[in-house]
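K.L.:
I'd like to go over a predicted model; first the sequence, then the structure.
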Amino acid sequence: AASRSRAPAGGGGVRKRSRQDNFIDDSAIEDEDEDEEDDGGSRPRKKGGGGVRGFFDEEAQVDEDEEEEDEGEGEDDFINDAGADIPDDDAGRGSRSRHSIPMRDEEEDIDEIERQVRERYARSTHIEYGEEAADVEQQALLPSVKDPKLWMVKCAIGHERETAICLMQKFIDRTDLQIKSVVALDHLKNYIYVEAEKEAHVKEACKGLRNIYASAKITLVPIKEMADVLYVESKNVDLARDTWVRMKLGVYKGDLAKVVDVDNVRQRVTVKLIPRIDLQVLASKLEGRVVAKKKTFVPPPRFFNIDEAREMHIRVERRRDKDSGEYFEMVDGLMFKDGFLYKPVSIKSIHTQGIQPSFDELEKFKKPGDDMNGDMSSLNTLFSNRKKGHFMKGDAVIVVKGDLKNLEGWVEKVEDTTVHIRPKISDLPKTLAFNEKELCKYFKPGDHVKVVSGVQEGTTGMVVKVDGHVLIILSDTTKEHIRVFADHVVESSEITTGITRIGDYELHDLVLLDNLSFGVIIRVETEAFQVLKGVPDRPEVVLVKLREIKSKIDRRTSAKDKFNNMVATKDVVRVVEGACKGTQGPVEHIHKGILFIYDRHHLEHAGFICAKAQSCILVGGSTGGRRGNGMDAADARMGALRSPASILQSPGRLPPRGPQMNYGGRFGGGGRGGRGHDALVGKCIKIKSGPYKGYRGRVKEVTGVLVRVELDSLMKIVTGE
């Protein structure tokens, strides 16, 4: 009773304080003593909590006594704080029990309360996700016409992330920008995505950024494609040591590399590959000289030579790598060992799927003394990249792993990765089951096969030699020996003609390479060319890709042979010095005094021979005789008219078809003797003008002003005036 009498006096003061402390935690109110609670301290909280009525249940109102309701008349709409309903002391519990007894009589009907609660929570944003509604609700999250649009903006290539970060910083600095988000995708170069309501908002945000051009076109992404922009298809990349990969970017794009170390935490690998380094450019860089780089220049693959680098005053240091513990030769931050470049790269910058190294590529990675058949890393790579249906019933196979290694047999049945074979040895069971990775195809000399995978894909030929798992095949198209893995071929009676052109270059073209060397294309493969380089007396064949060819050399030039005779294309020459001494054939190309001669009896390098012009003599040309520099055109013509007999007896001019010439002479003399031109028949002449200017030959027939001449170098008859 005493506490109730003090309530009006103390209540006003408490109410005044509670207006200023609306944000005091409810737990602080629970710490009040019993007197303060009875003094009506909860009443001011009713008034202060009116602004948050929506967050509390209506049933909290029943917790007031009759006197408080009478005194606080007009404040019934305010909700009491829930924290006051849970006091910590026993006295409080007793007081509430006394207060709740008279209020239960005035309690609203339970059904009415339930109805009010349901109405209130029906407007709540709380959603229960059921299994049946999951798909529909997921679709509701997709972009609609009410959502901001997505715009594709072109930016400088390689600066996609930088541009996105600049836009984010600009949005932080300027609150008036009306863009929502920026997306830069790793797999999409040259573009970023900006989320905004209007195109004008995107233009305003991109204004002034150096990586976005003012004239760049802004493209609206259709609503149906907006979700696909951020769709990511995850691929599990399982890399291990000795795995073969190919590079994706830079000057090494497409080059074969071998994984030597894997860092799964940082998603990086260290690969071993053949370096493409221009030592001259590197030396100039280390000396501080600026060398203008050509954008199209790609150095050829070449093993690093320490001695050559030191001769060019390039500093080479031998250091120990802290991660692997191995010693490397360090040059300008690059690691070299045994001529190979060891390069740390991101897993994203390499191709790991479907790698089919050619035999020639694997040969370059082989150490001296290594057996390609015993290199399990090479075999594992080949086996892992097999296509489905690799083995067929009837295929001859050999076991390459396990206790039955080198067992031969024939495929009887294939079930997924299990292959049932019929062994060649009769003492064994009728069929044996092997995993497909334990088997390899087997061929014998004389089989006609077709290459179905790898660089030589599509080539057909006959097996001439079997060396373990490597076949040497005589190609049907080039008549050259090629080496392929037995796992890459199938038996076939098909004979293909092969491809002869890639881009602007075709078979037997003379081309200029990136390193200013030159050569003749002797073979066209699926993605590369085999080129016989212009190195005299030492045949050098290189495999070059289309991007490594600078241009085609198609201009007609000439050169002087050993006796200073002018040699042009299509002239027949004979090599008299060097490794190819004794060979003879027409000249197909001439460049910088180097002749590319075609000899149909020469089976290697598609029949081409490379030799210096000074090491050859022109068939039918002068052998020097009285003058060291040869006979000029006037002397040749005068000599032919003065003493034809002496010319015919000259061993240097006597063609191999003497009887045919004599026959032509008799025909010309007998048929045209009365015209005064029979004296020219059989004479050796030189053509002064026209497409065959400079060619020498013998007169076969004279008809009026027309003369038929058999050219010595071309072995053909032409007509001229």
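P.N.:
Structure's in. What do you need?

K.L.:
quick one: the helices in the stretch 251-400 of the chain?
P.N.:
279-286, 306-311, 359-365, 376-384 (DSSP state H, counting those that start in this stretch).

K.L.:
the strands in the stretch 501-650 of the chain, which residues?
P.N.:
501-502, 505-506, 510-513, 518-524, 528-533, 541-545, 549-552, 559-560, 566-567, 572-575, 584-591, 594-598, 608-612, 616-618 (DSSP state E, counting those that start in this stretch).

K.L.:
lowest average pLDDT across the helices of the stretch 251-400 of the chain?
P.N.:
Lowest mean pLDDT of the helices of the stretch 251-400 of the chain: helix 376-384, a mean of 55.

K.L.:
show the average pLDDT along the strand or helix carrying W151.
P.N.:
Per DSSP states H and E: W151 is located in strand 149-154. For strand 149-154, the mean pLDDT works out to 92.

K.L.:
contacts for that strand?
P.N.:
143, 190-199, 202, 206, 212-213, 216-221, 226, 229 (Cβ atoms under 8 Å, 6 or more residues apart in numbering). C-beta: built from backbone N, CA, C; applies to glycine.

K.L.:
so which of these sit within helices?
P.N.:
199, 202, 206, 226, 229 (DSSP state H).

K.L.:
pull out the buried residues from those residues.
P.N.:
Neighbour counting with 16 or more other Cβ atoms under 10 Å marks 202, 206, 226 as buried within these.

K.L.:
and those, which is the shakiest by pLDDT?
P.N.:
Scoring these by pLDDT puts M226 last, at 86.

K.L.:
wait, doesn't it sit right on P143?
P.N.:
Yes: assessed by Cβ atoms under 8 Å, M226 is found in contact with P143 at 4.6 Å.

K.L.:
lowest average confidence, helix or strand, in this structure?
P.N.:
helix 644-648 (a mean of 36; mean pLDDT, DSSP states H and E).

K.L.:
looking at the contacts of strand 149-154, which are in strands?
P.N.:
191-196, 218-220 (DSSP state E).

K.L.:
filter the residues you listed down to the buried ones.
P.N.:
Judged by 16+ other Cβ under 10 Å, buried ones among the ones in strands among the contacts of strand 149-154: 191-196, 218.

K.L.:
show me which pair in these is furthest apart.
P.N.:
Y191 and A196 (15.6 Å; Cβ to Cβ).

K.L.:
how much space separates L618 from V542?
P.N.:
Distance from L618 to V542, counting by Cβ to Cβ, to the nearest Å: 30 Å.

K.L.:
for the record, mean pLDDT for the helix or strand in which L471 is found?
P.N.:
For L471, the element it lies in under DSSP H and E is strand 470-475. The pLDDT scores in strand 470-475 average 85.

K.L.:
buried set for the helix or strand following that strand?
P.N.:
Per DSSP H and E, the first helix or strand lying C-terminal to strand 470-475 is strand 481-485. In terms of neighbour count (16+ other Cβ under 10 Å), strand 481-485 has its buried residues at 482-485.

K.L.:
immediately after strand 481-485, which helix or strand?
P.N.:
Taking DSSP H and E, what comes next after strand 481-485 is strand 489-491.

K.L.:
now for K612: which residues touch it?
P.N.:
Here K612 is in contact with 536-537, 577-578, 593-595 (Cβ under 8 Å, 6+ apart).

K.L.:
compare these and tell me which is most surrounded.
P.N.:
L595 (27 neighbours; other Cβ atoms under 10 Å).

K.L.:
beyond the strand holding W151, next helix or strand please.
P.N.:
Following strand 149-154 in sequence, per DSSP H and E, is helix 160-173.

K.L.:
run me through the strand neighbours of the next helix or strand along the chain from that next one, direction for each.
P.N.:
Downstream of helix 160-173, the first helix or strand assigned by DSSP H and E is strand 179-183. Paired strands of strand 179-183, with direction, are strand 191-196 (antiparallel) (DSSP bridges).

K.L.:
angle of the strand it pairs with against strand 149-154?
P.N.:
150 degrees (axes from the mean of the first three to the mean of the last three Cα atoms, to 10 degrees).

K.L.:
the inter-axis angle of strand 191-196 versus helix 160-173?
P.N.:
Using the same axes, to 10 degrees: strand 191-196 against helix 160-173 is 20 degrees.

K.L.:
now do strand 191-196: everything it contacts.
P.N.:
148-155, 160, 163-164, 167, 178-185, 202, 205-206, 221, 229.

K.L.:
at 6 Å what do you get?
P.N.:
148, 150-155, 160, 163-164, 179-184, 202, 229 (Cβ atoms under 6 Å, 6 or more residues apart in numbering).

K.L.:
any of those residues buried? List them.
P.N.:
Buried among the contacts of strand 191-196 (16+ other Cβ under 10 Å): 148, 150-155, 160, 163-164, 179, 182-184, 202.

K.L.:
and these, which is closest to G682?
P.N.:
K154 (75.7 Å).

K.L.:
L209 versus the closest one, what's the distance?
P.N.:
Counting by Cβ to Cβ, the gap from K154 to L209 is 12 Å.

K.L.:
what is the burial count for E588?
P.N.:
Neighbour tally, E588, other Cβ under 10 Å: 17.

K.L.:
OK, contacts around it?
P.N.:
596, 598.

K.L.:
mind doing that once more with 7 Å?
P.N.:
Applying Cβ atoms under 7 Å, 6 or more residues apart in numbering, one finds that E588 lies in contact with 508, 569, 596, 598.

K.L.:
any idea of the pLDDT on Y129?
P.N.:
At Y129, pLDDT is 44.

K.L.:
domain parsing for this structure?
P.N.:
2-122, 142-229, 244-351, 359-491, 504-619, 633-720 (automatic domain parsing).

K.L.:
point out the most buried one among those.
P.N.:
Sort these by mean neighbour count, taking mean count of other Cβ atoms under 10 Å, and domain 504-619 sits at the top with a mean of 18.

K.L.:
could you give the mean pLDDT of that domain?
P.N.:
Per-residue scores along domain 504-619 average to 85.

K.L.:
returning to that earlier point: I'd like the contacts of K612 as JSON lines, with distance to H448 appended.
P.N.:
Compiled in JSON lines, these are given as follows (distance: Cβ to Cβ, whole Å):
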{"residue": "P536", "distance to H448": "37"}
{"residue": "D537", "distance to H448": "36"}
{"residue": "E577", "distance to H448": "41"}
{"residue": "G578", "distance to H448": "37"}
{"residue": "G593", "distance to H448": "43"}
{"residue": "I594", "distance to H448": "38"}
{"residue": "L595", "distance to H448": "36"}
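
K.L.:
and of those residues, the nearest to K552?
P.N.:
Nearest member of the contacts of K612 to K552, counting by Cβ to Cβ, is I594, at 16.3 Å.

K.L.:
just give the closest residue to that closest one, not the sequence neighbours.
P.N.:
G534 (4.5 Å; Cβ to Cβ, 6 or more residues apart in numbering).

K.L.:
is it true that the one you found touches G593?
P.N.:
No: contact criterion Cβ atoms under 7 Å: G534 and G593 do not qualify, at 9.5 Å.

K.L.:
where do the helices of the stretch 601-721 of the chain begin and end?
P.N.:
633-642, 644-648, 658-671.

K.L.:
pull the contacting residues for L543.
P.N.:
So L543 contacts 360, 528, 530 (Cβ under 7 Å, 6+ apart).

K.L.:
now do the same contact list for the first one.
P.N.:
Residues counted as contacts of D360 (Cβ under 7 Å, 6+ apart) are L543.

K.L.:
do you know how far it is from A227?
P.N.:
From D360 to A227 the distance is 46 Å (Cβ to Cβ).

K.L.:
same thing with the last one?
P.N.:
Distance, Q530 to A227, using Cβ to Cβ: 48 Å.

K.L.:
widest-spaced pair of the contacts of E588?
P.N.:
It's H508 and T569 that sit farthest apart of the contacts of E588, by Cβ to Cβ, at 12.1 Å.
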